[in-house]
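Trainee: Next comes the sequence, and after it the predicted model I'd like to discuss.
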Amino acid sequence: MSILSTRQKLAILSDAAKYDASCASSGAAKRNSLKSGGIGSTEGMGICHSYAPDGRCISLLKILLTNFCIYDCSYCINRSSSNVKRARFAIDEVVSLTLEFYKRNYIEGLFLSSGVIRSPDETMSEMVEVARRLRVEHKFGGYIHLKTIPECAPELLEQAGIHADRLSINVELPTDEGVKRLAPEKRPETIRVSMAKLRSKIEEKTEPTMRTKKRQRFAPGGQSTQMIVGADATSDADILGTSARLYGSYQLRRVYYSAFSPIPDSSSALPSAKPPLMREHRLYQADWLMRFYGFDRREITAGRQDGMLDLAVDPKLAWALSNRASFPVDVNRAPREMLLRVPGFGTKAVKKMLDVRRYRRLRLEDVGRLCQSVTKVRPFIVADGWSPGGMTDAEHLRAELVGKPKQLSLF
C-alpha cells in the first residue's frame, strides 16, 4: 500500500466531508488574538460564509479525520463495504493544515468529522486532541466545530465542549425505523441519550459559578444535528415533525438536512431522491418558517395529500395560494404575526413596516422599498391607495408568480 502525501489525503478527506453539513454562524463569543497573544479570532455574529455551486456553504476547512469506518450504513459513501479510496490524517497534520490555511486567509475555522476507526472512543479522543492542541498549544482563537460520536465516553464529550465552539451529534435519519433498517449498527436511543446529556451539560455550564460568578466556556455555539433526507420514504411532513421535536427536546441551534443522492454501488433498497438538492432547499425554507415565522409544520404541508413540499414554489407562497381567504392583508393595520405570512415579507421588512407605520401610512411604493419583490407581494396586501381587487383570487395567479421555465442560452 502506497503512502499518501498530506496533499493527497486532503483531496480525499475534504471531498469525503462534503456530505457533512455545517453552514450556521458560530454563536461563539468574540475572541481577539491581538489580546490573547495567540492566532485567530472570531466575531460575535459568527464566521464568514461562501457558497459552492450546488448551494452548500463552505467557509471552513471541512475535512474528515479519516474515511475508514467500522460501520456499514447503507446511505453513506464511506461505509465499510464501499470501495472508495481511503485515507487517514495524523493529529499533527490536521493541526498544521488548520494553522497554515488560517494564516493564508483561506479559512476562518475548522469543521472536523470522521469515520469511526477501531472504536468510538479512540476516534473521538483523536478529534478532541486536535481541538486541544489548537486551543492550548497554539492559542488558536478561530472557530472549531466538532462532529461528535454518540457512542463515545461522556468525558470525551465534555472535553470536546471545552475546546470547540459548536458540537453536533447526527440523528442520521428522520425515523427510528429508518435507522434500524439502513444503519443497523447504530442505536437511535443512544443518539438521543447523548444529545440529552450534551444539552444538560451546555445548560449546566451556562450558569454562573458560585465562586467566580462567571459562566464556564462550553460549546458556546450550542449543539446541532444532521438528518439524511431521501434515503428512505419518509415524507416531508414527518421530517418536519421530527425536526420540531428535536428543537423542542434538545434546544438545538440548527437541524441540517442533507439530501441523499444514490451512488453507483448503493443498495437497491434505497429510493432515488429527485431532485434531491431542491427538496433539501425547500426543507430548509420550511424549517425557517417554523422557527421564525410562527408556522406549524401541519400548515406548511397541509396543501398536499402526500405530505410532500411543493418543489415548484417556496413553502410560504404555497401556503398563501392554498389559503387565499386569509388575504389581502392591510399593511397599515395587520399584526406582526399576519404580516409575516405574506409571501415576500421577511422579518426585517416587517419590523421596518411596524416602525414606519407609527408615524405615517404605508403606500405600495413604500412597501416596495422595504421588500425584495413587490410583484410577489401585490396580490396579498392592501396599502394606502392600493387594493389587489380580484387579483388575489385569480386562477392564473400561481402561474404569474412562479413563471414558466426558460431555456438558457448556451452563447
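Mentor: Received, thanks. Only a predicted model underlies this, so the values are computations on that prediction, with no experimental measurement involved. Numbering: from 1, shown residues only.

Trainee: and the closest residue to residue 134 other than its chain neighbours, how many neighbours does it have?
Mentor: With sequence-adjacent residues excluded and distances taken as CB to CB, 6 or more residues apart in numbering, residue 134 is closest to residue 140, at 3.9 Å. C-beta coordinates here come from the backbone N, C-alpha and C atoms, glycine included. The tally of other residues near residue 140 (other CB atoms under 10 Å) stands at 26.

Trainee: Phi, psi for residue 140 please.
Mentor: phi -70, psi 120 (degrees, to the nearest 10).

Trainee: Correct me if wrong: it contacts residue 96.
Mentor: No: the pair residue 140 / residue 96 is not scored as a contact, 11.7 Å apart, by CB atoms under 8 Å.

Trainee: what sits up against the helix or strand residue 350 falls within?
Mentor: Secondary structure from DSSP states H and E places residue 350 in helix 347-356. Here helix 347-356 makes contact (CB atoms under 8 Å, 6 or more residues apart in numbering) with 292, 293, 331, 336, 339, 340, 345, 362, 366, 367, 370, 371.

Trainee: Sort out which of the residues you listed are buried, if you could.
Mentor: Buried residues within these, counting neighbours by 16 or more other CB atoms under 10 Å: 293, 331, 339, 340, 345, 362, 366, 367, 370, 371.

Trainee: What residue, apart from its backbone neighbours, is nearest the last one spatially?
Mentor: To tie it back to what came earlier, the one meant is residue 371. Here the residue nearest residue 371, using CB to CB, 6+ apart, is residue 349, at 4.7 Å.

Trainee: Read off the pLDDT value for the one you found.
Mentor: pLDDT, residue 349: 95.

Trainee: What distance do you get for it to residue 381?
Mentor: The gap separating residue 349 from residue 381 is 12 Å, by CB to CB, to the nearest Å.

Trainee: So these two - more neighbours on which side?
Mentor: Between residue 349 and residue 381, counting by other CB under 10 Å, residue 381 is the more crowded of the two (27 against 19).

Trainee: what residues are up against that one?
Mentor: 327, 328, 329, 330, 331, 342, 364, 367, 388.

Trainee: same question, residue 197
Mentor: By CB under 8 Å, 6+ apart, the contact set of residue 197 is 154, 157.

Trainee: Can you tell me the element it falls in?
Mentor: helix 188-206.

Trainee: Alpha carbons only: can I get that helix in PDB?
Mentor: Only the C-alpha atoms of helix 188-206 are listed here, as PDB (Å, rounded to 0.1, in the frame of the first residue of the first chain):
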ATOM      1  CA  PRO A 188     -31.400   5.700  17.900                       C
ATOM      2  CA  GLU A 189     -31.900   5.600  21.700                       C
ATOM      3  CA  THR A 190     -28.100   6.000  22.200                       C
ATOM      4  CA  ILE A 191     -28.100   9.000  19.900                       C
ATOM      5  CA  ARG A 192     -31.000  10.700  21.900                       C
ATOM      6  CA  VAL A 193     -29.300  10.000  25.200                       C
ATOM      7  CA  SER A 194     -26.100  11.600  24.000                       C
ATOM      8  CA  MET A 195     -28.000  14.700  22.700                       C
ATOM      9  CA  ALA A 196     -29.800  15.000  26.000                       C
ATOM     10  CA  LYS A 197     -26.600  14.800  28.000                       C
ATOM     11  CA  LEU A 198     -25.000  17.400  25.800                       C
ATOM     12  CA  ARG A 199     -28.000  19.700  26.300                       C
ATOM     13  CA  SER A 200     -27.800  19.300  30.100                       C
ATOM     14  CA  LYS A 201     -24.000  19.900  30.100                       C
ATOM     15  CA  ILE A 202     -24.500  23.100  28.000                       C
ATOM     16  CA  GLU A 203     -27.200  24.400  30.400                       C
ATOM     17  CA  GLU A 204     -25.100  23.500  33.400                       C
ATOM     18  CA  LYS A 205     -22.000  25.400  32.100                       C
ATOM     19  CA  THR A 206     -24.000  28.500  31.200                       C
END
